[in-house]
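K.L.:
Requesting a structural model of the entry that follows:
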Amino acid sequence: LRSLRGLSDPRSWELRRRAAPSAALVESLTGVDGDPAWELRAALERDHPLPVLRSVRGLDHPKAWVTRRNLARVAPKTVLATIEGMGGAEADALREDLRTLAPEETAASDAKGDSAAAWKRRAELADEAPAGVIRSLRGVPREKGEKVVVEIARRHPRRLRVAREAAQFLLRTRWTDTSI
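P.N.:
Numbering: from 1, shown residues only. Coordinates of the predicted model:
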């Protein structure tokens, strides 16, 4: 069922209708918007709250924001994962609310973010969550990101996770860089 993520064609809905209620069924809705998806999430939310939360990843829908806010204190890292790469006032407010609970994930959730708010948050979290800040640079212009990565790596030479994230960023080649 999980292989149906992002699919909303008649065949995928037929497979979902045949499936027993489960976490896998809910997770098959990841990235799927529309009334049938929201009805199924609502029916399974009580028994499978975290899979329902994971299923709203990337969705900018009022019901998705309600789900995130309802579980923000219980599962802040998962909530932040669902807004990775998303911009806007709601996403930024949620990041601010959760940054003390999960600073690395807050920083990382700014992936692809090239807004003033994303760059300000990166600067503020560079020492508290350096690996997350580097991860957040995926999808931003390479020239901007490279300067930040080099500076963070210089300030945190003994942190293995920082070194790993810096190497992954710096070693991505032009021909494999999908952000170009």
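K.L.:
Regarding the protein, what is its longest helix?
P.N.:
helix 142-155 (DSSP state H).
K.L.:
Check which helices and strands that one is in contact with.
P.N.:
Here helix 142-155 touches helix 130-135, helix 160-171, going by 3 or more Cβ pairs under 8 Å, 6 or more residues apart in numbering; DSSP states H and E. Any C-beta I mention is one placed from the backbone N, CA and C, and that applies to glycine too.
K.L.:
Most tightly packed of the ones you listed?
P.N.:
Sort the helices and strands packed on helix 142-155 by mean neighbour count, taking mean count of other Cβ atoms under 10 Å, and helix 130-135 sits at the top with a mean of 25.
K.L.:
Give the rounded mean pLDDT of that one.
P.N.:
For helix 130-135, the mean pLDDT works out to 97.
K.L.:
what does that helix contact?
P.N.:
For helix 130-135, the external contacting residues (Cβ atoms under 8 Å, 6 or more residues apart in numbering) are 103-108, 111, 122, 125-126, 148-149, 152, 155-156, 159, 161-162, 164-166, 169.
K.L.:
okay, it in PDB with CA atoms only?
P.N.:
The C-alpha coordinates for helix 130-135 follow below in PDB (Å, rounded to 0.1, in the frame of the first residue of the first chain):
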ATOM      1  CA  PRO A 130      24.700  23.100  12.500                       C
ATOM      2  CA  ALA A 131      24.000  19.700  10.800                       C
ATOM      3  CA  GLY A 132      20.300  20.700  10.300                       C
ATOM      4  CA  VAL A 133      21.300  24.100   8.900                       C
ATOM      5  CA  ILE A 134      23.600  22.300   6.400                       C
ATOM      6  CA  ARG A 135      20.800  19.900   5.500                       C
END
